[in-house]
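> Kindly return the folded structure for what I paste below:
(one chain, ligands or ions: 1)
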Amino acid sequence: MTTATARACANIAFIKYWGDRDAALRIPSNGSISMNLEGLYTHTEVRFSPELKKDTLTINAFPISGPGLARVNTLLDRVRQMAGMRLCAQVTSQNNFPVGAGLASSASAFAALSLAASAAAGLQLSERELSRLARTGSGSACRSVPGGFVEWQAGESDADSFAFSIAPPDHWALADCIAIVSQAHKFTGSTEGHARAHTSPLHLARQAEVPRLLVECRRAILERDFETLAVFTELDCHLMHAVMMTSSPPLLYWQPATLSVMQAVHAWRKRGLPVCYTIDAGPNVHVICERGVAHRVSAQLVEIPGVSQVLVASPGGPARLEIR
Ligand code: DP6
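This is a model prediction of the structure:
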């Protein structure tokens, strides 16, 4: 096969990846746990051809060059090395995320690219091998390879740093109501942020806590214990943002509306609603709730000044090849 198309969904981490032990291979400082997000997809086609003189990349029909292409090029080099081939590739990618929503797409993008490129190169990688390959493109992408609720074991080397499912998508009817907060300017991307984590005096304190957070989060998912999930998801969100804010130079991703949503969620939980939040490297707030209340939660979220729209996603499946 020289052409293949794959689809992968984004994911949201309850216990976060922040900081690397090995930045080049993206071996993380700590393990993480996430949920795939059904409906937030990247579709990627990879075509290897002797007619191409170099690798090309288009995302949502726009040709991409510079660092974006270089990152894809590095992953394709790995695939070529594994397959023992030298052909260049045409990579055509589409995200179905709303444009301008400020949602990160590197997890779904590198999971879809790894599957499409390896299949197009004639490789049949196991889920673990694919997760390791995706990790080298974008750390969180290794968690978009398996389905449902996923844990990335940090490991110590390329061989033992990969993600696996801890429960299938239908294990727990949760929803992620993503409150999109208007953003005036660009912020520092995660790759640069990971490199700064070590400059924070709080980084090692967070690292010392993470093993306990992983145990509690894993147990909360397996037992469908929302209250425990809420407590530890918010704790790690606060710990990670404390590391970000105390890095040199500091990273402050929140906007005023980010804080408004956080406070509203606390008020709703106090009144008995099964709801909590987490925030990645940006101002948007992922409001996690039980699916039964997702409609109500998203209706309340859009009423908060500064929230421009709300996307609702349920637990998603694994990365898949698309047969045409
Ligand atoms: C805050 O996986 O986006 O979303 O490997 O540089 O692409 P790169 O970083 P990335 O980092 C994710 C950071 C996070 C937390 C998480 O998803 O675990």
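
> Residue 173 is in contact with residue 292, correct?
Yes - the pair residue 292 / residue 173 is scored as a contact, 7.2 Å apart, by CB atoms under 8 Å. C-betas here are computed from N, CA, C, even on glycine.

> got the domain boundaries for this protein?
Listed by automatic domain parsing, the domain ranges of the chain are 3-170, 172-313.

> and the last one, does that touch the ligand?
Yes - part of domain 172-313 sits near the ligand under the criterion CB under 6 Å from any ligand atom, namely 190-191, 194, 280-281.

> now those residues as TSV including neighbour count?
Below are the residues of domain 172-313 next to the ligand laid out as TSV (neighbours: other CB atoms under 10 Å):
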residue	neighbour count
190	20
191	16
194	19
280	23
281	20
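
> ok, which stretches of the stretch 51-200 of the chain are strands?
Using DSSP state E, counting those that start in this stretch, the strands of the stretch 51-200 of the chain run over 56-59, 62-63, 88-95, 149-153, 162-167, 174-181.

> Look at residue 292 and residue 173 and report which has more neighbours.
More crowded of residue 292 and residue 173, by other CB atoms under 10 Å: residue 173, with 13 against 10.

> who's in contact with that one?
Residue 173 makes contact with 290-292, 314 under the criterion CB atoms under 8 Å, 6 or more residues apart in numbering.

> Out of the residues you listed, grab the one that's most surrounded.
With neighbours taken as other CB under 10 Å, the top of those is residue 314, carrying 18 neighbours.

> and the closest residue in space to that one that isn't next to it in sequence, helix, strand or coil?
Nearest non-adjacent residue to residue 314, counting by CB to CB, 6 or more residues apart in numbering: residue 38, 4.9 Å away. Classification of residue 38 by DSSP: H, G, I helix; E, B strand; the rest coil places it in strand.

> and if you look at residue 224?
Applying three-state DSSP: residue 224 is coil.

> for the closest residue in space to it that isn't next to it in sequence, phi and psi?
Leaving aside its sequence neighbours, residue 224 sits nearest to residue 172 (CB to CB, 6+ apart; 5.0 Å). Main-chain dihedrals, residue 172, degrees, to the nearest 10: phi -150, psi 120.

> List the residues that contact residue 172.
149, 221, 224, 315.

> farthest-separated two in these?
224 and 315 (11.9 Å; CB to CB).

> just for the stretch 201-324 of the chain, where's the confidence low?
Within the stretch 201-324 of the chain, the segments meeting pLDDT under 70 span 324.

> And the strands in it?
Using DSSP E, counting those that start in this stretch, strands in the stretch 201-324 of the chain cover 275-278, 285-290, 307-313, 320-322.

> May I have the beta-bridge partners of residue 45?
Applying DSSP bridges to residue 45 gives these bridge partners: residue 5, residue 92.

> Please verify my assumption that it contacts residue 2.
No - using CB under 8 Å, residue 45 is not in contact with residue 2, being 11.3 Å away.

> Which secondary structure state is assigned to residue 30?
coil.

> residues in contact with the residue lying closest to it once chain neighbours are set aside?
Excluding its sequence neighbours, the residue lying closest to residue 30 (CB to CB, 6+ apart) is residue 210, at 4.2 Å. Contacts for residue 210 (CB under 8 Å, 6+ apart) come out as 15, 30-31, 236.

> try 10 Å
By CB atoms under 10 Å, 6 or more residues apart in numbering, the contact set of residue 210 is 15-16, 18, 29-32, 154, 217, 236, 239-240.

> so what's the spatially closest residue to residue 123 that is not a sequence neighbour scoring on pLDDT?
Excluding the flanking residues, the one nearest residue 123 by CB to CB, 6+ apart is residue 83, at 5.4 Å. Listed pLDDT for residue 83 reads 97.

> How about residue 118?
98.

> What is the burial count for residue 192?
A total of 11 residues lie near residue 192 under the criterion other CB under 10 Å.

> Fine by me, thanks again.
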